[in-house]
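Asker: next input, structure requested:
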Amino acid sequence: MARYTGPSTKIARKFGEPIFGADKDFEKRNYPPGQHGLAAKRKKSKEYGTQLKEKQKVKYMYGILERQFHNTYDKACRMAGQKGENLLFLLESRLDNVVYRMGVAPSRAAARQLVNHGHITLNGEVASIASTQVKPGDVIAVRERSKSLEVIQSAVASATKYSWIEFNAQSLSAKFLNVPTRQDIPENINEQLIVDLYSK
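Answerer: Got it, this is the predicted structure:
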């Protein structure tokens with residue numbers, strides 16, 4: 001399966017929530033996609049279906065593919081602590097996600113593109129791999145030649161601040177203070193369903 005490049009609103013409607021952030025189109029049509037929409041007769045989802053749906057939702061939310069997701073889960077299982085929370089901590093520590101949390105990109109997809117195109121530095125070195133794991137104390141910044149990009153300037157103007165990232169709007173740089181706690185992560189995710197799915 002290749003990375004999904006279709007309309008994000010369609011995916012958000014599939015899961016019944018704006019998983020990619022604020023979406024005016026979703027607000028207008030917050031019912032399932034398809035010809036019949038709300039009128040469609042949908043079977044009650046069983047336990048496996050509910051677990052699979054939650055996993056798919058998180059994959060789309062963070063923009064990663066099945067193999068990457070499974071490898072991340074395996075890594076989370078080898079860490080001390082709860083598997084589900086470890087999974088979210090690893091996803092939150094990805095470079096593309098941290099760039100999104102900094103507020104220099106309007107979405108994770110846009111943040112990934114900034115990283116892939118060499119607009120971001122990690123500890124002073126150009127970083128072009130979106131899945132790079134950021135560690136507490138690392139400094140992430142926008143390259144000097146990229147600071148005037150319109151997408152970055154407009155994103156910073158409406159950025160949300162997060163307690164685990166110390167952002168400097170003047171230098172467009174940020175320090176990753178610590179991995180967020182489970183309560184700090186604002187997305188609506190039931191990680192236990194994913195653990196139950198992989199435990200089958």
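
Asker: S146 - how many residues pack around it?
Answerer: Other residues within reach of S146 by the criterion other CB atoms under 10 Å amount to 18. C-beta coordinates here come from the backbone N, C-alpha and C atoms, glycine included.

Asker: distance check, it against P7.
Answerer: S146 sits 28 Å away from P7, taking CB to CB, to the nearest Å as the criterion.

Asker: could you do L149 as well?
Answerer: Spatial separation of L149 from P7 under the definition CB to CB is 24 Å.

Asker: of these two, which one has the most company?
Answerer: Between L149 and P7, counting by other CB under 10 Å, L149 is the more crowded of the two (16 against 11).

Asker: ok, N116 - contacts?
Answerer: When contacts are counted by CB atoms under 8 Å, 6 or more residues apart in numbering, N116 is found next to S128, A130.

Asker: can you give me the helices in this structure?
Answerer: Using DSSP state H, the helices of the chain run over 8-15, 24-28, 47-62, 66-77, 83-92, 95-102, 108-116, 150-157, 191-198.

Asker: where among those helices is the average confidence lowest?
Answerer: When mean pLDDT is averaged over each of the helices of the chain, helix 24-28 scores lowest at a mean of 64.

Asker: how about the residue nearest the centre of the chain, nearest residue that isn't a chain neighbour?
Answerer: With distances taken as CA atoms, centre = their mean, the chain has Y62 as the residue nearest its mean C-alpha position (3.0 Å). Distance criterion CB to CB, 6 or more residues apart in numbering; nearest residue to Y62, sequence neighbours excluded, is L91 at 5.0 Å.

Asker: one step back: of the helices of the chain, flag the one that's most buried.
Answerer: Per-stretch averages of neighbours, counted by mean count of other CB atoms under 10 Å, single out helix 95-102 among those, with a mean of 25.

Asker: output that helix as CSV, nothing but the C-alphas.
Answerer: Extracted C-alpha coordinates of helix 95-102, given in CSV (Å, rounded to 0.1, in the frame of the first residue of the first chain):
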residue,chain,number,x,y,z
LEU,A,95,11.0,14.6,13.7
ASP,A,96,8.1,15.4,11.3
ASN,A,97,5.7,15.4,14.3
VAL,A,98,7.9,17.6,16.4
VAL,A,99,8.2,20.1,13.5
TYR,A,100,4.3,20.1,13.3
ARG,A,101,4.1,20.6,17.1
MET,A,102,6.6,23.5,16.8
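
Asker: okay, angle between that helix and helix 47-62 too, please.
Answerer: In this structure, helix 95-102 runs at an angle of 70 degrees to helix 47-62, with axes from the mean of the first three to the mean of the last three CA atoms, to 10 degrees as the basis.

Asker: which strands and helices sit next to helix 95-102?
Answerer: Packing contacts for helix 95-102, counted by 3 or more CB pairs under 8 Å, 6 or more residues apart in numbering; DSSP states H and E, involve helix 83-92, helix 108-116, strand 120-122, strand 139-142, strand 165-168, strand 173-176.

Asker: redo these as JSON lines? Include distance to Q183.
Answerer: Shown next, in JSON lines, are the helices and strands packed on helix 95-102 (distance: least, CB to CB, whole Å):
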{"stretch": "helix 83-92", "distance to Q183": "10"}
{"stretch": "helix 108-116", "distance to Q183": "21"}
{"stretch": "strand 120-122", "distance to Q183": "27"}
{"stretch": "strand 139-142", "distance to Q183": "23"}
{"stretch": "strand 165-168", "distance to Q183": "16"}
{"stretch": "strand 173-176", "distance to Q183": "18"}
